[in-house]
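Undergrad: Quick one, fold the following:
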Amino acid sequence: MRRGNGFTYNTMVLLIVVLQYCGFLAHAVLNPVDFLALQSIRKSLADLPGSNYFSSWDFTSDPCSFAGLYCDGDRVVALNLGDPQAGSPGLTGRLHPAIGRLSALAELTLVPGRVVGSLPHSLSQLKYLRFLALSRNFISGVIPAGLGQLRGLTTLDLSFNQLAGNIPLSVGALPALSNVILSHNRLNGSIPAFVSQSLARLDLKHNNLSGWLPPPPGLPPSIQYLSLSSNRLSGPVDRALSPLNRLNYIDLSMNQFTGFIPVNLFASSITNLQLQRNQFSGPVQPVNPVTTPTVDLSYNRLWGEISPMFSTVQNLYLNNNRFTGQVPATLVDRLLDSSIQTLYLQHNYLSGIEINPTVEIPLSSSLCLQYNCMVLPVQTPCPLKAGSAKSRPTSQCIEWKG
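TA: The predicted model follows:
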């Protein structure tokens, strides 16, 4: 290319791009960097059949009028990829690293679809990002440690994907997090300590996480919703959970936790307590009447007598443990007046229950007593997993008492 009047080939190319962009100025007022980033994002994604999300993405018009895109002045501040209101099947393709050039972006979401590939490391450049939700796709790879640079991030939802590797320590160190939802992935390693004192929801269920819960202050007392179900977590939980006095939902089921169940987990504020299929042991003696509607302590190694404090629970699962003694009369009374809807006591070492053999169990209530150290006073339908044997062999009952 011949040079003249100080122009070079690169200068002319840049001029052509600028002139092309200026041709849209009658409509578009978007910053050129954001404009070009959106073009790259559009090329890397497509509508699944039945979706028409991108039909409004006409780059000869004002990009700030595109579906799912919101501007503040000449910058993109929110990008909702796909239309959650339309019930469409979502998008396919990959997330382009150009997302990281939308430097004013505060919100980035992706509707359920078939987007694949890894999370762009350029996300760490979005220093104003507050809300990141990319759930229910096929995103793989690891969670970039660079997300720990997003100091203002409040919500991180990467659930229902195919992410693997550890949860970065840098993510746990984010100071403003209020919601962390990483469930239904393939994450492994231990749970990092979370420092945010505003963290309210921590959902890590259905992964391959292992190790003990982080000791205080690893789980901040601000947590209200805690779900760690279906992992390989182990060790005692009393030290980690005792400071959590704002819990209203807790699910630790299907892990390998051991030791005593902390008394504070039977507090009145908790609406659902799921501790089944672990290795918890010891007696369970709540201090006050338990008003949690559903308490599931089944498939553990709990022993001792059943506390009458459980008579205020609506759905009580104590089956497949090592409880002994009589079933408290208050539980029977509450069952017969339909206050207790489910009372599963099968596969324990209970020695008796005071109930009239001719009594009719309310249709709205379920009682299962089989495979204990008693002759069943009433015949009630039990789940198939309870087996067909009505009582334990006498030898087992004598051995357990001894």
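Undergrad: what is Thr155 paired to in the beta sheet?
TA: Beta bridges link Thr155 to Phe131, Asn179, judged by DSSP bridges.
Undergrad: That one contacts Leu134, doesn't it?
TA: No. Between Thr155 and Leu134 no contact is recorded; they are 11.1 Å apart, counting by CB atoms under 8 Å. (Each C-beta comes from the backbone N, C-alpha and C, glycine too.)
Undergrad: Between the two, which is the more surrounded one?
TA: Leu134 (22 against 18; other CB atoms under 10 Å).
Undergrad: so that one touches Pro112, yeah?
TA: No. Under the criterion of CB under 8 Å, Leu134 lies out of contact with Pro112, with a separation of 10.0 Å.
Undergrad: Please name the residues that touch Ala67.
TA: For Ala67, the residues meeting the contact criterion (CB atoms under 8 Å, 6 or more residues apart in numbering) are 53-57, 83.
Undergrad: could you dump those to a markdown table with secondary structure?
TA: As requested, the contacts of Ala67 are exported to a markdown table (DSSP: H, G, I helix; E, B strand; the rest coil):
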| residue | secondary structure |
| --- | --- |
| Tyr53 | helix |
| Phe54 | helix |
| Ser55 | helix |
| Ser56 | helix |
| Trp57 | coil |
| Asp83 | coil |
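Undergrad: Farthest-apart pair in these, please.
TA: Trp57 and Asp83 (11.9 Å; CB to CB).
Undergrad: Run through the strands of the stretch 201-350 of the chain in chain order.
TA: Read by DSSP state E, counting those that start in this stretch, the stretch 201-350 of the chain holds these strands, from start to end of the chain: 201-203, 208-211, 225-227, 232-235, 249-251, 256-259, 272-274, 279-282, 294-296, 301-305, 315-317, 322-326, 342-344, 349-352.
Undergrad: could you measure the nearest residue to Pro328 once chain neighbours are set aside against Pro112, distance?
TA: Using CB to CB, 6 or more residues apart in numbering and skipping the chain neighbours, the partner closest in space to Pro328 is Pro308 (4.0 Å). Relative to Pro112, Pro308 is positioned 46 Å away (CB to CB, to the nearest Å).
Undergrad: for Asn161, same thing?
TA: In this structure, Asn161 lies at 10 Å from Pro112, with CB to CB as the measure.
Undergrad: Looking at those two, which has the bigger crowd around it?
TA: Asn161 (24 against 15).
Undergrad: How about the contacts made by that one?
TA: Under the criterion of CB under 8 Å, 6+ apart, the contact partners of Asn161 comprise 134-140, 184-185.
Undergrad: can you tell me which of those residues are in strands?
TA: Using DSSP state E, the members of the contacts of Asn161 that fall in strands are Ser140.
Undergrad: Neighbour-wise, give me the winner out of the contacts of Asn161.
TA: Ranked by the number of neighbours (other CB under 10 Å), these place Asn185 first, at 25 neighbours.
Undergrad: Can you check which strand is longest in the chain?
TA: strand 75-81.
Undergrad: Can you read off the pLDDT for the nearest residue to Ser366 once chain neighbours are set aside?
TA: Among residues not flanking Ser366 along the chain, Thr342 sits closest, at 4.9 Å (CB to CB, 6+ apart). pLDDT, Thr342: 96.
Undergrad: contacting residues for Thr342?
TA: Listed by CB under 8 Å, 6+ apart, the contact partners of Thr342 are 314-317, 365-366.
Undergrad: In those residues, find the pair that's most separated.
TA: Comparing every pair within the contacts of Thr342 by CB to CB identifies Tyr317 and Ser365 as the most remote, at 13.7 Å.
Undergrad: Compare neighbour counts for those two and give me the winner.
TA: When Tyr317 is set against Ser365 and neighbours are counted by other CB under 10 Å, the residue ahead is Tyr317, at 22 against 18.
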